[in-house]
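S.K.: pasting a predicted model and its sequence here:
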Amino acid sequence: MNQMPRPGERYRHFKDKLYQIVAVATHSETGEKMVIYQALYGEFGVWARPLSMFLEPVDREKYPEAAQKLRFERVDAAAAGDEEQEEARTEGKEREEARAEGKEREEARAADKECEEAPARGDNGIPAGEQACGHDDQGSDESSLHPLLFRFLDAGSPGERVNLLRLMKGRVGQAEVDSLCTCLDARRPDGSIEEQIDDLIGRLQMQQKYQTSRLRRG
């Protein structure tokens, strides 16, 4: 016979989520025993389920792949604590990645908007006296370079630079790609301009992952 759940004990649902027992209550109308339990993830919702259902075996016809025999199985405090920490780390990582993706989308939209507005303003996007990285006064005509290149040079993060590189596809020529390679201290990749840009994007994404991993460890 299954052990009666006690307040404070932790149980794992067969779908691999952790819960903590709040109380075993008695239904005021029917006298049925009810388990009151709280999720240890997400919004920490509190739930009630008849004791008989709480302790019943998993329906194997409906869930043949379930790893445990019972709907809820008790776990010891140490194991539960380790799992909680791992879930918290996973949720924190997911939130961090979602924020980073949202920021990148906003930066991409802003860059695209500025690029579209530049011709209407008659603005080539080049500050007075500013030169492309790796070019001097004897080099190529800066006024012919795409304004996205200069936004790339001013970008402060690998994520923003990746978004700008994506916007450059179909808009820039070899002169801009050569300037990008010089600024990133990278050998010019093989292939078409789009393939060269994809190669530079891969380099920056690796740099972005390294910086994110280093911040987590810190």
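M.R.: The structure has been received and is ready for your questions. Residues are numbered from 1 along each chain as shown.
S.K.: now do the helices in this protein.
M.R.: In the chain, the helices defined using DSSP state H lie at 51-54, 77-121, 147-154, 158-168, 174-183, 193-217.
S.K.: which one of those helices has the poorest average confidence?
M.R.: For those, the bottom mean pLDDT is recorded on helix 77-121, which sits at a mean of 62.
S.K.: for residue 76, see how far away residue 47 is.
M.R.: According to C-beta to C-beta, to the nearest Å, residue 47 and residue 76 sit 22 Å apart. C-betas here are computed from N, CA, C, even on glycine.
S.K.: now residue 30: how far from residue 52?
M.R.: 12 Å.
S.K.: residue 18 too?
M.R.: For residue 18, the distance to residue 52 - C-beta to C-beta - is 22 Å.
S.K.: out of residue 47 and residue 76, which sits in the more crowded spot?
M.R.: residue 47 (12 against 9; other C-beta atoms under 10 Å).
S.K.: which strand is the longest one in this protein?
M.R.: strand 18-26 (DSSP state E).
S.K.: give me the beta-bridge partners of residue 21?
M.R.: On the basis of DSSP bridges, residue 21 is bridged to residue 37.
S.K.: how about the contacts made by it?
M.R.: The neighbours of residue 21, taking C-beta atoms under 8 Å, 6 or more residues apart in numbering as the test, are 5-11, 35-37.
S.K.: and for residue 9?
M.R.: Shown in contact with residue 9 (C-beta under 8 Å, 6+ apart): 20-21, 74.
S.K.: now swap in residue 57 and tell me
M.R.: 69-71.
S.K.: what's the neighbour count on the closest residue to residue 49 other than its chain neighbours?
M.R.: Among residues not flanking residue 49 along the chain, residue 35 sits closest, at 5.3 Å (C-beta to C-beta, 6 or more residues apart in numbering). Residues lying near residue 35 (other C-beta under 10 Å) number 23.
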